[in-house]
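*Asks:* The amino acid sequence is not available; the structure is as follows:
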C-alpha cells in the first residue's frame, strides 16, 4: 500500500508531539512570516531608503506646506535678494548708453565660425557707435565681449550663477560685470537696456532669450527694436516651422509677426539691419 504524504500541518503536529522523545525536532516553516516586498523590509527596518538627491529635495519641497515662520524668513528674504539684483542692475546699466544685446551658446569654441562671426559683429557695432551686452560667459558671449573690448567699446556682461558651464569671461569692463542668481532679473536687463538684439546659434537659453524679446515686441511691451538672427542654416528650419505650423496651420500668430525677425548670414548684414533701423528715425548712438 502506498504511504500517505503528510501535510505541513500534520508534520508540525508530529514534531510537537515528539518533543522530549530524543528525536530530532525540526523548526516549523517560517516563510509565511517573511517580508514579500522592499516596502515590507523598509517598514521592518532592514533596508534603508536611498538618500534623496538635490533634485529630489527640490521637487518634494514644492509639495510641502510651509509654516508662517518659513514664509516670513525664507520667502521674505528672497524678495529682498531679488530687489537687490534689480537695484544693482538698474544703477549700473542706466549709464551705459545705446547697446546691442548679443545672445548665443556658451558651448561654442573659439575656433568655430559662429564665434569668429560674433566677435566681428561686436567689433563692427562698436565702430558704429554701439556698446555690447552679453550674458558674460564663455562661447558666443565671450566672442561678443572680446570684439567690443578689442575696439575699445563698452563691453557689458550679465553673468548668471549656474552649477555648470557659466563663468564670466575676461573681456568685460570691470565696472560693467553684474552677477545674477535669478534668470528673470537678468532677462529684464538684457531687454530694458538694449536697442537691438543679435541672436547667434545657441541652445535652450538662447531660444528663451529670443522668444522673450519677440513676445515683448509682439505684445508692444517694448519698442519694435530689431532682432537679427545670424545663420540661415541654423535658424531657417525653426522659422519655416513657425510660418508653416504656427501661422498657416494653426493661426496662432499674425502674418506681420514674421517681420519681427531678420535672418542674415554675415557680420556686415547683421550690423546693417541695426543701422538701417535707426536711420529711419534719424537716430545714431550719442557717445
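*Replies:* Perfect, I can see it now. Remember, it's a predicted structure, so these values are computed and weren't measured experimentally.

*Asks:* Give me the below-cutoff pLDDT ranges for the stretch 1-150 of the chain.
*Replies:* The stretch 1-150 of the chain contains residues with pLDDT under 70 at 1-50, 58, 61-68, 70-72.

*Asks:* Strands of that one, start to end?
*Replies:* For the stretch 1-150 of the chain, the strands defined by DSSP state E, counting those that start in this stretch cover 99-103, 131-134.

*Asks:* Name the residues of stretch 214-227 that come out as buried.
*Replies:* 214, 216-217, 225-227 (16 or more other Cβ atoms under 10 Å). Backbone N, C-alpha and C define where each C-beta goes, glycine included.

*Asks:* now, of the strands of the stretch 1-150 of the chain, which is deepest in the fold?
*Replies:* Mean neighbour count (mean count of other Cβ atoms under 10 Å) peaks for strand 131-134 among those, with a mean of 30.

*Asks:* Out of the strands of the stretch 1-150 of the chain, the one nearest residue 194 is which?
*Replies:* Distance to residue 194, taken as Cβ to Cβ, is lowest for strand 99-103 among the strands of the stretch 1-150 of the chain, at 4.0 Å.

*Asks:* and the closest one, which strands flank it?
*Replies:* strand 131-134 (parallel), strand 197-199 (parallel) (DSSP bridges).

*Asks:* Arrange those in TSV, one row each, with distance to residue 275 as further columns.
*Replies:* Below are these laid out as TSV (distance: least, Cβ to Cβ, whole Å):
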stretch	distance to residue 275
strand 131-134	15
strand 197-199	13
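
*Asks:* Out of the ones you listed, which is closest to residue 176?
*Replies:* strand 131-134 (8.6 Å).

*Asks:* hmm, who's touching that closest one?
*Replies:* With Cβ atoms under 8 Å, 6 or more residues apart in numbering as the test, strand 131-134 has contacts from 96-103, 122, 125-126, 140-142, 144-145, 147-148, 153-158, 189-190, 193-194.

*Asks:* if we go to 6 Å?
*Replies:* The contact list for strand 131-134, computed with Cβ atoms under 6 Å, 6 or more residues apart in numbering, reads 96-97, 99, 101-102, 122, 125, 141, 144-145, 148, 153-157, 194.

*Asks:* From those residues, list the buried ones, please.
*Replies:* Here, 16+ other Cβ under 10 Å leaves 96, 99, 101-102, 122, 125, 141, 144-145, 148, 153-157, 194 buried among the contacts of strand 131-134.

*Asks:* With respect to residue 173, which of these is nearest?
*Replies:* Nearest to residue 173 among the buried ones among the contacts of strand 131-134: residue 155, at 5.0 Å, using Cβ to Cβ.

*Asks:* Quick check: beta-bridge partners of that closest one?
*Replies:* Judged by DSSP bridges, the bridge partners of residue 155 are residue 132.

*Asks:* Might one say that it is in contact with residue 172?
*Replies:* Yes - look at residue 155 against residue 172 with Cβ atoms under 6 Å: they come within range, at 5.4 Å.

*Asks:* Around residue 265, how many other residues sit close by?
*Replies:* Number of residues near residue 265 (other Cβ atoms under 10 Å) recorded here: 13.

*Asks:* For stretch 106-113, measure first residue to last.
*Replies:* Here the two ends of stretch 106-113 are set 14 Å apart, with distance taken as Cα to Cα, to the nearest Å.

*Asks:* Now the helix or strand that contains residue 186: average pLDDT?
*Replies:* Secondary structure from DSSP states H and E places residue 186 in helix 183-192. Mean pLDDT, helix 183-192: 94.

*Asks:* ok, now stretch 268-277?
*Replies:* The pLDDT scores in stretch 268-277 average 96.

*Asks:* Find out how far it is from the centre of the chain, if you would.
*Replies:* 29 Å (Cα atoms, centre = their mean, to the nearest Å).

*Asks:* So which bits of that stretch are buried?
*Replies:* Under 16+ other Cβ under 10 Å, the buried positions of stretch 268-277 are 270-275, 277.
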